[in-house]
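Trainee: based on what follows, work out the 3D shape:
(chains A and B)
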Protein chains: 2
Amino acid sequence: MTWLMIDRSQKTPLIRQIYKQLRTKILNGELSAGYRLPSTRQLAEELEVSRNVVLEAYEQLLAEGFLEGQQGAGTFVAEGAFLKKTDTITSYMLEDNFSKKNNNIIDFRSGIPALDLFPRKQWGQLAKRVSIETDHSLFGYDSPEGRIELRTVLSDYLLRTRGVECHPDQLVITTGATQALTLIAKLLISANDKVIIEDPITHEIQTIFQSYGASLLPIRVDENGMDTNQIPQEIKPAFIFVTPSHQFPIGGTLPIQRRIQLIEFARKIDSYIVEDDYDSEFRYEGPSISSLQGLDPNRTIYIGTFSKILSPALRLGYLILPPTLVEHGRTLKYFSDLHTPSLEQLTLALFIKEGHLEKHIFRMKKIYRKRRSFLKEQLYNKFGDTVKIHGDSTGLHLVAGFNGIHFTENLLSKIHDQGVKVYPVELHTIKKGIYLNHIILGFGNLEEDKIREGILKIKSYLY
Amino acid sequence: MTWLMIDRSQKTPLIRQIYKQLRTKILNGELSAGYRLPSTRQLAEELEVSRNVVLEAYEQLLAEGFLEGQQGAGTFVAEGAFLKKTDTITSYMLEDNFSKKNNNIIDFRSGIPALDLFPRKQWGQLAKRVSIETDHSLFGYDSPEGRIELRTVLSDYLLRTRGVECHPDQLVITTGATQALTLIAKLLISANDKVIIEDPITHEIQTIFQSYGASLLPIRVDENGMDTNQIPQEIKPAFIFVTPSHQFPIGGTLPIQRRIQLIEFARKIDSYIVEDDYDSEFRYEGPSISSLQGLDPNRTIYIGTFSKILSPALRLGYLILPPTLVEHGRTLKYFSDLHTPSLEQLTLALFIKEGHLEKHIFRMKKIYRKRRSFLKEQLYNKFGDTVKIHGDSTGLHLVAGFNGIHFTENLLSKIHDQGVKVYPVELHTIKKGIYLNHIILGFGNLEEDKIREGILKIKSYLY
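Mentor: Down below sits the predicted model:
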């Protein structure tokens, strides 16, 4: 058996070296069925290893069925353990997106909070406390709707800050708002259903609804959100999807008249309204706007997220469902991922309960307000009358329209080559061609010097 | 305006009290469009509050569109702010599963690790370190396949312990194994596809595949897992689903001959094998079994989980995909929940890297081995020849068959009334009626006195 090689300089244990070589030889047919292996004693001597090493390697191969035999009667290669080779994975390597990330890019991506200001110390301490102090039942399987502790503090918080009326049992904690969107799609869309939706609207949301078989019925938005007068009255959609607090991306806030129109329409045709409230905590002009959900909790499904007010890395969001949809919603959540991670849910519950969340939002709102003013100032300074700013009353982005500019892929990639990333509104439009001269500028994660530099570079390519 | 009530004993701020009452009166039509409100000064005097309080309440109502008007010209109720009432949610309360949990139940549920032995201190300290020490880019959006740090240590770990051959780029970190199953369903199942599957097999898995339109083609299992000779050769399924290391629930380990048969069949019909490896780290008899995936990484999709070796509360699992499926798999993950929570991924990466995981598994294996022996001993003591034990070589459960017993719902609920929960194998069968006298007994989370008491109570109902 000189064809077995032992290499004592390798990190691989001797047992594993022997096991692997024998296994390979059996799989590729070098040792064929019925072949009698040397006794463990004999092989151990040949290889100059302890007999136990060989015994263990043989035992593993016996357990896996490569070998057969009984003590004393000898050990043989088993039938049917030969596998014809095909191409295997060699030097397989996908593009490594991770290492390619360029940190010098000034990225005006919307919806990114100031990552360097995440309350990492408080969060870390609470996470540790949760892990160490909670009853050990915490570490078992949990219920699909999420921890009662989180649902309770969240329902209080939402009533206090957003005019949302919900019992904790109407809440389903989700692994981020994207999961909430897929759950709604599963809950309400049947093949060939129509969904009434704002145009423009986040293109990922369009993709999700379409992937569940819906065809989209776009309704144009204006400076006040969805133009509800344009809704065709003869159609019964699966639901109406709106971002009433801060339309994405154009930024309008839906006035009460349109909200009531929507609710009356939904009542008439017996359908639902889905309210996506992604960043309205950061409202800079006028007092905060109450939710649409509060007007008719039986007709409205509300989606919330902690991605903008805390961090998207947490993947924590939630759904508020009308009572009639709760049970089905929980079942769908169960079959998606059973439930959202429990320790993180409890950490967030404590974070809210101890008042950290509201303090953090208060602090961040001041910072974002400054960044927003600075961005507007830079835009007006550099572009004067040629720029028009929309939707800056709320949130972490605004939309800028530039006279006579067409943001082609070519132009965008030229700006990108200069180290600045901006995002065209056209990416999110359903009816194309209306917003060619508009871009979305997120400012949440950009300090003033970056904003200044970014706008300057954009300027150099536009005029 | 005596119809506005101020209650200084309430916790609700005065501004909010005024705002809410006016809003309600406008919504329900008590104050109709065109109605002129008293001036802020006047109302403030009447209610004996500061004028700023009234000003802020008015401002909010103006911002939301309930009121209109300009400084000096008076403030009026706006058109279209009246909403007809419908039934609202009153005294709505779902069953509270949470408070109903009875901790005195002896629960033989399978797949639950010893919850009181979760390494909570180490985990908590690492979670804190991750939150406090990692670069702030951690708190942004991440890539759908998961953190490179985790994928790298995991790929090393899997090679070392499970004979799994994968490049980190083939891994997709999932929010638990259930999500991995739904991703596979989305990836591979088209309407009316067939899926070849073991029978019995976890009923949730059946539900998931069926919910994506698959019809199941059950293949009976025996003491060695799926009886691969029974696979109809003329059929081309979307994939073949197996639990080769420890068949769930019957517990067999698939021998190499059957593994090779499966792979050759998959190659012939150009299909995939899905290997669900949920608890094989805990192997009590013989050495650990290598993965099926290692035999043909181009044909096999491997599902792994940290639910049994650490805690199901973490919701951390993973998929290993053949290179050709990686890109599509990542896209589907993106549209499910963007990515799995980042902080938890990094905590786990550190936990593995610093050697805690392997130490924890080593420690737990000793404990589970003892619990398993104790359970077997109790079964043999109490039932003698009338019981037969299956599938106890591996994992956190075994299957017990009792001569002449039929585990009807009635019998199971009588046992439950005695404070003991056991699970019939029939719950997981596709072809019914074969395992009527078999139950699944999980022992991972039960101490010896609980096991003794539980078996005693079962005994009192069986014979």
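Trainee: show me the shaky parts of the stretch 251-400 of chain A.
Mentor: Counting by pLDDT under 70, the stretch 251-400 of chain A contains no low-confidence residues.
Trainee: can you map out the helices along it?
Mentor: A:256-269, A:323-337, A:342-353, A:356-383 (DSSP state H, counting those that start in this stretch).
Trainee: which one of those helices is the most hemmed in?
Mentor: Neighbour counts (mean count of other Cβ atoms under 10 Å in any protein chain shown) averaged over each of the helices of the stretch 251-400 of chain A peak at helix A:342-353, with a mean of 23. To be clear about C-beta, it is placed using only N, CA and C from the backbone, and glycine gets the same treatment.
Trainee: report whether it contacts chain B.
Mentor: Yes: using Cβ under 8 Å from any Cβ of the partner chain, helix A:342-353 reaches chain B at A:342-344.
Trainee: let's see the pLDDT reported for residue A:90.
Mentor: At residue A:90, the predicted lDDT confidence score is 34.
Trainee: hmm, back to that, out of the residues of helix A:342-353 next to chain B, which one sits closest to chain B?
Mentor: Closest approach to chain B among these (Cβ to the nearest Cβ): residue A:342, at 3.9 Å.
Trainee: and for the residue lying closest to that closest one once chain neighbours are set aside, the neighbour number?
Mentor: Leaving out its chain neighbours, the residue that sits closest to residue A:342 by Cβ to Cβ, 6 or more residues apart in numbering or on different chains is residue B:313, at 3.9 Å. Counted by other Cβ atoms under 10 Å in any protein chain shown, the residues lying close to residue B:313 total 26.
Trainee: quick check, residue B:313 in contact with residue A:340.
Mentor: No: with contact defined as Cβ atoms under 8 Å, residue B:313 does not reach residue A:340; the gap is 10.1 Å.
Trainee: quick one: residue A:443 from residue A:403, how far?
Mentor: Noted for residue A:443: a distance of 22 Å to residue A:403, by Cβ to Cβ, to the nearest Å.
Trainee: so which of the two has more stuff around it?
Mentor: More crowded of residue A:443 and residue A:403, by other Cβ under 10 Å: residue A:443, with 27 against 13.
Trainee: and the more buried one, what does it touch?
Mentor: Neighbour list for residue A:443: A:108, A:368, A:371-372, A:374-375, A:396-398, A:451 [criterion: Cβ atoms under 8 Å, 6 or more residues apart in numbering or on different chains].
Trainee: so chain A: which segments form each domain?
Mentor: A:14-77, A:100-115+A:359-462, A:140-354 (automatic domain parsing).
Trainee: nearest to residue B:201, out of the ones you listed?
Mentor: Nearest to residue B:201 among the domains of chain A is domain A:140-354; the distance by Cβ to Cβ comes to 15.6 Å.
Trainee: the closest one: end-to-end distance?
Mentor: Across its full length, domain A:140-354 reaches 25 Å end to end, with Cα to Cα, to the nearest Å as the criterion.
Trainee: from the chain's centre, how far out does it sit?
Mentor: Computed by Cα atoms, centre = their mean, to the nearest Å, the chain-centroid distance of domain A:140-354 equals 15 Å.
Trainee: average model confidence for stretch A:234-250?
Mentor: According to the model, stretch A:234-250 has a mean pLDDT of 96.
Trainee: now swap in stretch A:136-150 and tell me
Mentor: pLDDT averaged over stretch A:136-150 gives 96.
Trainee: so does that stretch get close to chain B?
Mentor: Yes: Stretch A:136-150 lies within reach of chain B by Cβ under 8 Å from any Cβ, at A:136-143, A:148.
Trainee: of all the helices of the stretch 251-400 of chain A, which lies closest to residue A:131?
Mentor: Proximity to residue A:131, assessed across these by Cβ to Cβ, is greatest for helix A:342-353 (6.0 Å).
Trainee: alpha carbons of the closest one, in PDB - could you do that?
Mentor: Provided in PDB are the C-alpha atoms of helix A:342-353 (Å, rounded to 0.1, in the frame of the first residue of the first chain):
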ATOM      1  CA  SER A 342     -35.300  37.300  18.600                       C
ATOM      2  CA  LEU A 343     -32.300  38.800  20.300                       C
ATOM      3  CA  GLU A 344     -32.400  41.800  18.000                       C
ATOM      4  CA  GLN A 345     -36.100  42.200  18.500                       C
ATOM      5  CA  LEU A 346     -35.600  42.400  22.300                       C
ATOM      6  CA  THR A 347     -32.600  44.700  21.900                       C
ATOM      7  CA  LEU A 348     -34.800  47.100  19.900                       C
ATOM      8  CA  ALA A 349     -37.700  46.800  22.400                       C
ATOM      9  CA  LEU A 350     -35.300  47.900  25.200                       C
ATOM     10  CA  PHE A 351     -33.900  50.600  23.000                       C
ATOM     11  CA  ILE A 352     -37.300  52.100  22.500                       C
ATOM     12  CA  LYS A 353     -38.600  51.500  26.000                       C
END
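Trainee: got the contact list for that helix?
Mentor: Applying Cβ under 8 Å, 6+ apart, the contact partners of helix A:342-353 are A:119, A:122-123, A:126-127, A:129-131, A:134, A:138-139, A:142, A:146-147, A:149-150, A:152-154, A:157, A:173, A:306, A:310, A:314, A:316, A:357-358, B:127, B:313-315, B:341, B:343-344.
Trainee: in strands, which of these appear?
Mentor: Counted as lying in strands by DSSP state E, out of these, are residue A:173.
Trainee: hmm, residue A:405 is touching residue A:437, no?
Mentor: Yes: using Cβ under 8 Å, residue A:405 is in contact with residue A:437, at 4.7 Å.
Trainee: okay, residue A:360 and chain B: tell me how far apart.
Mentor: As judged by Cβ to the nearest Cβ, to the nearest Å, residue A:360 and chain B stand 13 Å apart.
Trainee: wait, isn't that residue in contact with residue A:311?
Mentor: No: under the criterion of Cβ under 8 Å, residue A:360 makes no contact with residue A:311, lying 10.5 Å away.
Trainee: circling back: can you pick the most crowded of the residues of stretch A:136-150 next to chain B?
Mentor: Going by other Cβ under 10 Å, residue A:139 tops the residues of stretch A:136-150 next to chain B with 27 neighbours.
Trainee: that one reaches residue B:118, doesn't it?
Mentor: Yes: shown here, residue A:139 and residue B:118 form a contact pair, counting by Cβ under 8 Å, at 4.3 Å.
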